[in-house]
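Colleague: Show me the folded form of this:
(one chain, ligands or ions: 1)
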Amino acid sequence: MVLAEELAKQQKSISVAEFFEKNKHLLGFDSPTRGIITTIKEAIDNALDACEESMVLPDILVIIRKTGSDTYSIAVEDNGPGIMPEQVPFVFGKLLYGSRFHQVRQSRGQQGIGISAAVLYAQLTSGTPAVVISRTGAKTKAHRFTLMIRTQTNEPEVLSHEEIDWALPHGTRIELEFASSMAAKKRLLEYLKYTSIVNPHARFRIEIDGEGTTFERVSGEVPPCPRSIKPHPHGIELGILKRMAAASDLPVEVFLQEEFSRVGKKTASEILALALIDGGVTASSLSPPDLKTLLATMQTVRIPAPPAQTCLSPIGEELLVEGLEKEFALDFVKARSRAPGVFSGHSFVVEAAIGYGGRLEAEGSAKILRFANRVPLLYQQGACAITQSIQSINWKGYGISQAGLPMGPVLILVHVASTNVPFTSESKDAVASIPEVEREIVLALQELGRDLKLFLSRRDRGRIAEDRARAVCAIIPDIASKVAEIVEAPVPDTSAIEGRIMRRVVVKRGLRGDHVSIRVDNHTAKPVELTLYDISADTGEGATIPPDFVSDLDGETTKCWRVALPPHESFLTEYPGSGGGSLSVQGIDESQMVLLNLDE
Ligand SMILES: Nc1ncnc2c1ncn2[C@@H]1O[C@H](COP(=O)(O)OP(=O)(O)OP(=O)(O)O)[C@@H](O)[C@H]1O
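Modeller: Here you go, the predicted structure:
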């Protein structure tokens, strides 16, 4: 009894800000190194969401400066719509305050915690307030705030507020100072690189202690902003249904049609008939047992999936391929966007891409790029359903070695877009195991795996054929000189035969420092590439040279190259793709080369 009384004295409520101050790891602020990345990520997520909502091409500036032995100041500036001055203190100075939590649509932000958690982290580690500048249009002045969070009450504390002149016509800038380190600089730049791959319409400029890097946009089109939809009956829980019904004075039959997506008159009548509920009574008068029966019946009736086209914004196969090619110069890359699916009433879509070769590391496990709602996931790779789905596939069947993850110069990208991404925690690092989502990831990757296998087997066949041709060509001069010896004739020039076997233009010795012009008229518009092989180096690796000039006239393609000859004895050029074309080489003596006709 005495103990209970003692304990009772210690009982008191905890504000959400106090809770997260103590448990900052839950929000992704578990170490100073990670703190800087999480802060920048939260600010960039907000900037991209805001630009998308206002149909603006995002121009985002990130500035990081060292201010002390272990303190850094960061500023993130966007050209979005800005924030109304009366909202600024709440957006940045109150946890669980945001515009997206109650909306059913794809967005980066969901919880209304992100940026205020960064403000909390800054005041906790450096004791300094956040500085926010925001402007909503060219006709209004910008507002500058310095503010903190009162942790005991989770309410904003505005230290100063003034109107100022600002260069940007609209946008928001947040500046924070906190204890951190730049140990994760590489990871930060990687995060920006990956963000730019899945947001090809955005430009990111980053300045770290005066040193600048820019990730340019590859698309000038703002993706359509996903529109909010009503909740789907299959994704609703009892507590939410109770709250929605209590707030409605509509007859239940109308309530179902007005408040839920995909419920028309017919479906509403079917649900109510099965639940034995009179459609004429007002929703707020339903008893708890009625609501329980209503919910159970809603789950059993067949209702079409939510309208994914409006509430989701997938990246698309073309832009995924373009973004990856830009960053990794891959030998092979393919992407797939699957048809939208649904889990527990939430729409989702899975997109995936596989890349091979190029600038990827030849050794070690595959590069895995995980994304959720166009945001790269940088931590907890092992705990993520995306990684587990990748591991569940038998990659050996697609010609790739495997040790848990696939191995070699392979890149695997998976993007899960949803109105409610099922994260394993508030720090939004990993996607939880949802069978419907995992199935779609596996199907997308299996489809791409088949394409990769085809590419690898074609490439191997080409290599085998080339090795054979190389072996044959290596003995032709010996055979020729032996035969010449036997018949007592001069040794013939066999380079024409070699050229025919290798399907190459052979340019022979004595050309040090010279240039050669090569022109290909390709009537069939088949791709023609020129690859330089340095015979003396004999590595078998050629370098593909882009043409200096390409013209397309009446379906006839002409490509011209002016090539500086390597300072070695000889070299070869090769052009895969033949038929209906002709090739001419100028600038060297006929006797110095073998010309192979593409018509052959
Ligand atoms: N740069 C900005 N421009 C315009 N509005 C913004 C900006 N930053 C934040 N907001 C508004 O402030 C709200 C709160 O942002 P916050 O980062 O705290 O949460 P969130 O992005 O909604 O969710 P999450 O916690 O999942 O990141 C947002 O919902 C948005 O309405």
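Colleague: for the ligand, what are the nearby residues on the protein?
Modeller: Contact residues, the chain versus the ligand (C-beta under 6 Å from any ligand atom): 42, 45-47, 50, 78, 80, 83, 91, 98-100, 109-116, 172. For every residue, glycine as well, the C-beta is placed using N, CA and C.
Colleague: Kindly state the pLDDT recorded for the residue of the chain positioned farthest from its centre?
Modeller: Relative to the centre of the chain, and counting by C-alpha atoms, centre = their mean, the farthest-placed residue is Glu488 at 68.9 Å. For Glu488, the model assigns a pLDDT of 89.
Colleague: residues contacting it?
Modeller: By C-beta atoms under 8 Å, 6 or more residues apart in numbering, the contact set of Glu488 is empty.
Colleague: Mind checking which of the residues of the chain next to the ligand are buried?
Modeller: 42, 45-47, 50, 78, 80, 83, 91, 98, 100, 109-116, 172 (16 or more other C-beta atoms under 10 Å).
Colleague: In this structure, which residue sits nearest the ligand?
Modeller: Gly109 (2.0 Å; C-beta to the nearest ligand atom).
Colleague: does Ser347 really touch Thr419, like I thought?
Modeller: Yes: Ser347 is within contact range of Thr419, at 5.2 Å (criterion: C-beta atoms under 8 Å).
Colleague: picking that back up, can you classify the residue of the chain closest to the ligand by secondary structure?
Modeller: Here Gly109 is recorded as coil under DSSP: H, G, I helix; E, B strand; the rest coil.
Colleague: next one: Gly355
Modeller: When the rule is three-state DSSP, Gly355 gets the label strand.
Colleague: for the one 5 residues further on, same thing?
Modeller: On the three-state scheme (three-state DSSP), Leu360 is labelled coil.
Colleague: residue contacts, the residue of the chain closest to the ligand?
Modeller: 45-46, 49, 98, 100.
Colleague: so which one among those has the lowest pLDDT?
Modeller: Lowest pLDDT of those: Arg100, 79.
Colleague: Over to stretch 261-268 now: how far is its first residue from its last?
Modeller: Using C-alpha to C-alpha, to the nearest Å, the end-to-end distance of stretch 261-268 comes to 11 Å.
Colleague: For it, buried residues please.
Modeller: 261-263, 267-268.
Colleague: Including secondary structure and pLDDT, could these go into CSV?
Modeller: Shown next, in CSV, are the buried residues of stretch 261-268 (DSSP: H, G, I helix; E, B strand; the rest coil; pLDDT from 0 to 100):
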residue, secondary structure, pLDDT
Ser261, coil, 90
Arg262, coil, 91
Val263, coil, 94
Thr267, helix, 95
Ala268, helix, 95
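Colleague: which one among these gets closest to Leu168?
Modeller: Nearest to Leu168 among the buried residues of stretch 261-268: Ser261, at 37.6 Å, using C-beta to C-beta.
Colleague: ok, now which ones touch the closest residue to the closest one other than its chain neighbours?
Modeller: Ranked by C-beta to C-beta, 6 or more residues apart in numbering and with sequence neighbours excluded, the top spatial neighbour of Ser261 is Lys230, at 4.3 Å. Lys230 makes contacts with 104, 259-261, as judged by C-beta under 8 Å, 6+ apart.
Colleague: which two from those end up farthest apart in space?
Modeller: Farthest pair in those, by C-beta to C-beta: Val104 and Glu259, 11.5 Å.
Colleague: Can you report how many residues neighbour Leu238?
Modeller: Leu238: 13 surrounding residues under other C-beta atoms under 10 Å.
Colleague: Double-check it against Asp290; I have them as touching.
Modeller: No: Leu238 is beyond contact range of Asp290, at 11.7 Å (criterion: C-beta under 8 Å).
Colleague: Same question for Val158, what's its three-state structure.
Modeller: strand.
Colleague: Can you name the residues bridging to it?
Modeller: With DSSP bridges as the criterion, Val158 is bridged to Leu147.
Colleague: That one against Pro89, yeah?
Modeller: Yes: at 5.2 Å, Val158 counts as touching Pro89 under the criterion of C-beta under 8 Å.
Colleague: What ranges does the stretch 51-200 of the chain have for its strands?
Modeller: Using DSSP state E, counting those that start in this stretch, the strands of the stretch 51-200 of the chain run over residues 59-66, 71-78, 130-135, 142-150, 155-164, 171-179.
Colleague: Val158 and Pro89: who's more crowded?
Modeller: Using other C-beta under 10 Å, the more surrounded residue of Val158 and Pro89 is Pro89, with 20 against 14.
Colleague: residue ranges with poor pLDDT in this structure?
Modeller: 1, 462, 465-466, 495-600 (pLDDT under 70).
Colleague: Quick check: chain neighbours aside, which residue is closest to the residue nearest in space to the middle of it?
Modeller: Centroid-nearest residue in the chain: Val198, 3.3 Å away (criterion: C-alpha atoms, centre = their mean). The shortest distance from Val198 to any non-neighbouring residue, by C-beta to C-beta, 6+ apart, is to Arg374 (4.7 Å).
Colleague: Please tell me how far the one you found sits from Glu317.
Modeller: Look at Arg374 and Glu317: by C-beta to C-beta, to the nearest Å, they are 15 Å apart.
Colleague: between those two, which one's more packed in?
Modeller: Shown here are Arg374 and Glu317; by other C-beta under 10 Å, Arg374 has more neighbours (23 against 15).
Colleague: Chain neighbours aside, what residue packs nearest to Gln446?
Modeller: Leaving aside its sequence neighbours, Gln446 sits nearest to Ile393 (C-beta to C-beta, 6+ apart; 6.6 Å).
Colleague: Need the three-state assignment for the one you found.
Modeller: At Ile393 the chain is in coil, as set by three-state DSSP.
Colleague: Relative to Leu295, how far out is it?
Modeller: In terms of C-beta to C-beta, Ile393 sits 37 Å off from Leu295.
Colleague: Same question for Pro435.
Modeller: With C-beta to C-beta as the criterion, Pro435 and Leu295 are 22 Å apart.
Colleague: the more surrounded of the two?
Modeller: Taking other C-beta under 10 Å, Pro435 and Leu295 do not tie; Leu295 has more neighbours (17 against 9).
Colleague: Could you confirm that one falls within a helix?
Modeller: Yes: counting by three-state DSSP, Leu295 is found in a helix.
Colleague: From what I see, it and Leu238 are in contact.
Modeller: Yes: if you go by C-beta under 8 Å, Leu295 and Leu238 touch, sitting 5.5 Å apart.
Colleague: what residues are shared contacts of the two?
Modeller: Contacts common to Leu295 and Leu238, judged by C-beta under 8 Å, 6+ apart, are absent.
Colleague: Next up, the contacts around the closest residue to Arg336 other than its chain neighbours.
Modeller: Of all residues not flanking Arg336 in the chain, Ala444 sits nearest, at 4.8 Å (C-beta to C-beta, 6+ apart). Going by C-beta under 8 Å, 6+ apart, Ala444 touches 336, 338, 350-352, 414.
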